[in-house]
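Visitor: Pasted the sequence and its predicted model underneath.
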Amino acid sequence: MIRQIGATELLLVAAVAVLMFGGAKLPDLARQSGRALRIFKAEMRAADEDEARRRQDD
């Protein structure tokens, strides 16, 4: 079962990210991740709308 992520886990992930990517690259990495997530959500929303339209047409 999936457990909720707490503050300790978030700090650990942030520390590992800083060690792996360096502090200078993190803002760019976060920006790119945000863009990718936004595109993914838009595509999922469009797929849901297409499916709803197909169901109405049937």
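Guide: Here it is on my side, so go on. Numbers count the residues shown, from 1 in each chain.

Visitor: Low-confidence regions, the protein specifically.
Guide: Residue ranges of the chain with pLDDT under 70: 1-2.

Visitor: What ranges does it have for its helices?
Guide: Taking DSSP state H to define them, one finds helices in the chain at 7-21, 26-57.

Visitor: Can you convert those into TSV and add a column each for mean neighbour count?
Guide: For glycine as for every other residue, the C-beta is placed from the backbone atoms N, C-alpha and C. Supplementary listing: the helices of the chain in TSV, determined by neighbours: other Cβ atoms under 10 Å:
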stretch	mean neighbour count
helix 7-21	11
helix 26-57	10
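
Visitor: any idea how far V18 is from L26?
Guide: L26 sits 7 Å away from V18, taking Cβ to Cβ, to the nearest Å as the criterion.

Visitor: actually L37, not the one I wrote
Guide: 21 Å.

Visitor: just K41 next, same as before
Guide: 27 Å.

Visitor: And F40, by the same measure?
Guide: In this structure, F40 lies at 25 Å from V18, with Cβ to Cβ as the measure.

Visitor: same question, A7
Guide: Distance of A7 to V18, given as Cβ to Cβ: 16 Å.

Visitor: repeat for A52
Guide: Relative to V18, A52 is positioned 43 Å away (Cβ to Cβ).

Visitor: D28 now?
Guide: Separation of D28 from V18 (Cβ to Cβ): 14 Å.
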